[in-house]
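Asker: Generate a structure from the sequence data that follows.
(one chain, ligands or ions: 1)
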Amino acid sequence: MFRIHKVFDVTTPTNRQLLSQVQAMLRVQFNALSEKDIAKLPAQLANPLKYRFRSILLVAEDGDNTVRGFAMLLHAPDLEFCYLDYICAGRGETGGGVGGALYARVREEAFQLGVIGIFLECLPDDPALSPDTSIAAHHLSLQGKVALLDIDYHHGNGAQNIFYRRKDVYTVSLHGHPRYSYPYFSGFDDEKGEGEGKGYNLNYPLVEGLKGEQYRKTLTQALDRIRKFKPQFLVLALGLDTAKGDPTGSFQLLARDFHENGRMIGNMRLPTLVVQEGGYKTQTLGINARHFFTGLWAGIHNTSPHTPGQGRIS
Ligand SMILES: [Zn+2]
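Answerer: Residues are numbered from 1 along each chain as shown. Prediction:
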């Protein structure tokens, strides 16, 4: 048997003891996590303003204060959303119902808070085994300069962080403005890189409800900047969540827009690696992907722009 309760602060010895067990569990179950991230947990609970989110720690414990699992939910009241930062059962506890019970409690909590939804990311257990734009860009950078263009609806904060102090990988991202789009804390246009990398990170935060034609104006600018950088390789983070009706985005791109975007990118005539990213409107995902790649092919081979309604692409 176990029960789940909330730990609000670290003022009592019991809570401090629970929290140190949570930190120990993080070290074991998320062993790639930095000690800095683990160490900040008490401060996150105590000082929500500093971290921009209110942290809610849900602990499953067995009655004598032995932690068997936990979930950390971040709540942003102004944005009406929750982010599930961690959900974790202790070693040997997986499959024992702890994770499921915690998840049910997380949903209940979010429901009571009246938020729009819970966001979460599932990171690969072993990043080396997963295709990733940053790994690819780093690998290619050993051979020559790389431009990493991210056209997923959401800002590519991971790649930005990785290459922020480097000038051999130019990171360019077009995305929904973080004022109202996930991840909310990064993707602003004043994030330009640091040190050697200053001027080698370029963000285009875009307004809500953007249509294909407006999108292409920014894409044209982004591609011009990439041309000036003279990269040897292009790594493209292809998100199709800029599509009309995507549940995670607000842009209005149609199949013909994806074709045109593909054509413009193909026209760069660079050795290009395309990595699939987001895209959640399953009814149009395949059609949009096909249009993008036929556009890319047309661009590389410099055939004429796609005219909607001609039925060239079925
Ligand atoms: Zn996305």
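
Asker: Around the ion, which positions in the stretch 101-250 of the chain sit nearby?
Answerer: Asp152, Tyr153, His154, Gly239, Asp241 (C-beta under 5 Å from the ion). Using the backbone N, CA and C atoms, a C-beta is placed for each residue, glycine as well.

Asker: for those, which one is nearest Pro13?
Answerer: Comparing those against Pro13 with C-beta to C-beta places His154 closest, at 41.4 Å.

Asker: who's in contact with the closest residue to that closest one other than its chain neighbours?
Answerer: Counting by C-beta to C-beta, 6 or more residues apart in numbering, the nearest residue to His154 once its immediate chain neighbours are dropped is Tyr182, at 5.3 Å. Under the criterion of C-beta atoms under 8 Å, 6 or more residues apart in numbering, the contact list for Tyr182 reads Phe119, His154, Gly176, Thr248.

Asker: those helices in the protein, which residues are they?
Answerer: Secondary structure of the chain (DSSP state H): helices at 13-29, 35-39, 41-46, 48-51, 98-113, 133-141, 157-163, 212-229, 255-266, 282-300.

Asker: Adding mean neighbour count and mean pLDDT, write those out as TSV.
Answerer: Supplementary listing: those in TSV, determined by neighbours: other C-beta atoms under 10 Å; pLDDT from 0 to 100:
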stretch	mean neighbour count	mean pLDDT
helix 13-29	16	93
helix 35-39	11	92
helix 41-46	17	88
helix 48-51	12	74
helix 98-113	16	94
helix 133-141	20	89
helix 157-163	20	89
helix 212-229	15	98
helix 255-266	24	98
helix 282-300	18	95
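
Asker: could you redo the ones you listed as TSV and give each row distance to Cys88?
Answerer: Converted to TSV, the helices of the chain look like this (distance: least, C-beta to C-beta, whole Å):
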stretch	distance to Cys88
helix 13-29	5
helix 35-39	12
helix 41-46	13
helix 48-51	19
helix 98-113	8
helix 133-141	25
helix 157-163	21
helix 212-229	39
helix 255-266	38
helix 282-300	30
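
Asker: Thr284 and the ion, how far apart?
Answerer: Here the distance between Thr284 and the ion works out to 15 Å (C-beta to the ion, to the nearest Å).

Asker: list the contacts for the residue in the stretch 151-300 of the chain positioned nearest to the ion?
Answerer: Closest residue of the stretch 151-300 of the chain to the ion, C-beta to the ion: Gly278 (2.9 Å). The contact partners of Gly278, taken as C-beta under 8 Å, 6+ apart, are Asp152, Tyr153, His154, Gly239, Leu240, Asp241, Thr248.
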